[in-house]
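Participant: how would this look folded up:
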Amino acid sequence: MAERERVVRMSVEQPLWRALTGYRLLTMVYAVLLFASAYRQFDRPWVAVGYLAFLAVWTLATFPRVANAASCGRRFLVADLAVAVAGILLTPVADTQERITGGGPTLPTIWTAGAVLAFAIKGGWRWACFASTFVAVANIVIHRGDPTRDTLHNVLLVWVASIAIGYVVEVARASEATLARALEIEAATRERERLARDIHDGVLQVLAMVQRRGTELGGEAADLGRMAGEQEVALRTLVSSGLVHPSRVSRDGSLGALVDTYEVEEGGDGGELDLRTLLAPHAGSRVSFAEPGTPVPLPAPAAKELAAAVGAALDNVRRHAGEGARAWILVEDWGDEVIVTVRDDGPGIPAGRLDQAEGEGRMGVALSIRGRLRDLGGSADLVSVPGQGTEVELKVPRGRTDER
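Facilitator: As a prediction, this is how the structure comes out:
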């Protein structure tokens with residue numbers, strides 16, 4: 001059962017959507033009043049009346065669509081831009097060519113800029129450039145290829161302003177993502193510290209006491225104490241490593257930096273898993289675990305296969321190096337690939353022993369380790385020196401695992 005806790009919610013771009021809503025309303029009213037003050041000079045005023053009536057209805061009806069990025073989809077943006085461009089192209093039909101060439105306004109006037117700005121806020125500067133180009137072409141068409149200086153000035157102003165706003169929005173989103181990640185780490189750290197306090201005050205002290213008393217009593221109690229000691233080491237490693245399932249950032253950029261903490265269900269095949277959470281339980285009194293201080297995310301199937309390969313390598317250590325052998329697990333995240341090294345201080349593997357085992361049908365290394373890594377597009381390299389132990393290096397490239 002997932003338990004969600006909202007930590008913080010903010011958005012830099014949300015005020016831009018509210019400002020755009022107000023801008024569209026004001027510029028629609030401005031376009032209507034501007035026409036009303038000069039309607040006698042139009043050749044076909046009924047064309048302008050029809051378009052402006054539609055523009056007013058469209059503006060009022062689409063208020064909810066420009067309230068945030070989630071509701072402002074691509075189809076709406078294209079339709080909104082089409083309304084603006086259609087108004088520009090209808091201007092020569094309603095107005096005289098003399099007024100147009102003399103610098104007269106188009107039917108939608110500066111309402112057109114709102115349609116372009118919606119592209120900028122939604123998709124960044126590239127989308128703004130795309131929308132501005134259509135507006136520029138439409139203005140050049142109604143001037144029959146010879147736009148006035150004022151027209152060029154207005155078109156250039158809309159172009160530059162929309163691209164600049166689009167770029168600012170992209171920078172703001174990147175900043176919000178960085179802030180969300182910082183808040184996510186802070187929330188996970190607080191949760192880890194809380195768990196560490198609770199566990200230290202209870203479970204770890206009990207395990208330590210069982211280990212101490214079992215050693216003193218000897219016999220079967222000593223075995224119980226030894227197992228309690230191993231569990232104490234594993235649990236302490238798990239807590240001190242900070243292996244708390246990370247929070248998730250808001251799915252919608254319009255919601256801004258939203259950090260939710262919740263319990264991840266085990267056994268799911270979707271999404272990504274932190275490889276450290278799968279390998280940490282192997283830590284014990286004879287198995288040391290070293291991992292990066294940040295999560296090592298891998299697609300869930302790939303993470304589970306890699307963890308299974310590590311488990312197979314540790315089984316080989318217990319089976320062939322003896323119960324007294326020590327093992328070390330090292331996790332390295334190189335960005336484009338993840339490397340897990342399993343090393344032991346056992347007697348090593350004699351030369352030719354692996355080939356002999358495969359010939360006898362014992363396929364532990366070939367199938368459980370190399371086979372798993374081969375399926376992931378990775379590799380498993382085994383180096384063994386008699387008398388000095390064995391080292392297994394497991395490499396998984398991220399690009400291949402992302403495709404799985």
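
Participant: quick one, helices of this protein?
Facilitator: With DSSP state H as the criterion, the chain has helices at 14-38, 45-61, 74-94, 97-101, 111-123, 125-142, 149-201, 203-217, 220-240, 275-279, 300-316, 353-359, 372-375, 398-403.

Participant: quick one, which of those is packed in tightest?
Facilitator: Most buried of the helices of the chain by mean neighbour count (mean count of other Cβ atoms under 10 Å) is helix 111-123; its value is a mean of 25. Where C-beta positions appear, they are placed from N, C-alpha and C, glycine not excepted.

Participant: Show me where the stretch 201-350 of the chain dips below the pLDDT cut-off.
Facilitator: 201-202, 204-205, 234-270 (pLDDT under 70).

Participant: Restricting to C-alpha, output stretch 211-219 in PDB.
Facilitator: What follows is stretch 211-219, C-alpha atoms only, in PDB (Å, rounded to 0.1, in the frame of the first residue of the first chain):
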ATOM      1  CA  GLN A 211      25.300 -12.100  19.900                       C
ATOM      2  CA  ARG A 212      27.100 -11.300  23.200                       C
ATOM      3  CA  ARG A 213      25.100 -13.800  25.300                       C
ATOM      4  CA  GLY A 214      25.300 -16.500  22.700                       C
ATOM      5  CA  THR A 215      29.000 -16.300  22.600                       C
ATOM      6  CA  GLU A 216      29.200 -16.500  26.400                       C
ATOM      7  CA  LEU A 217      26.900 -19.600  26.600                       C
ATOM      8  CA  GLY A 218      28.600 -21.500  23.700                       C
ATOM      9  CA  GLY A 219      27.200 -24.500  22.000                       C
END
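
Participant: what about it, distance to the chain center?
Facilitator: Distance of stretch 211-219 from the chain centroid (Cα atoms, centre = their mean, to the nearest Å) equals 50 Å.

Participant: Could you do stretch 305-321 as well?
Facilitator: So, by Cα atoms, centre = their mean, the centroid of stretch 305-321 is 33 Å from its chain's centroid.

Participant: what does that stretch rub up against?
Facilitator: The contact list for stretch 305-321 (Cβ atoms under 8 Å, 6 or more residues apart in numbering) reads 275, 278-279, 282, 287, 298, 325, 327, 329, 338, 340, 342, 344-347, 349, 364-365, 368-369, 372-373, 375-376, 378, 380, 389-390, 392, 394, 396.

Participant: Could you rerun that using 6 Å?
Facilitator: For stretch 305-321, contacts defined as Cβ atoms under 6 Å, 6 or more residues apart in numbering pick out 278-279, 282, 325, 327, 340, 342, 344, 346, 368-369, 372, 376, 392, 394, 396.

Participant: what does stretch 107-115 give?
Facilitator: Outside of stretch 107-115, the residues within contact range by Cβ under 6 Å, 6+ apart are 23-24, 27-28, 31, 48, 51, 80-81, 84, 87, 90-91, 135, 158.

Participant: rerun at 7 Å
Facilitator: The set of residues external to stretch 107-115 that reach it, using Cβ atoms under 7 Å, 6 or more residues apart in numbering, is 20, 23-24, 27-28, 30-31, 34, 48, 51-52, 55, 80-81, 84, 87-88, 90-91, 94, 131, 135, 158.
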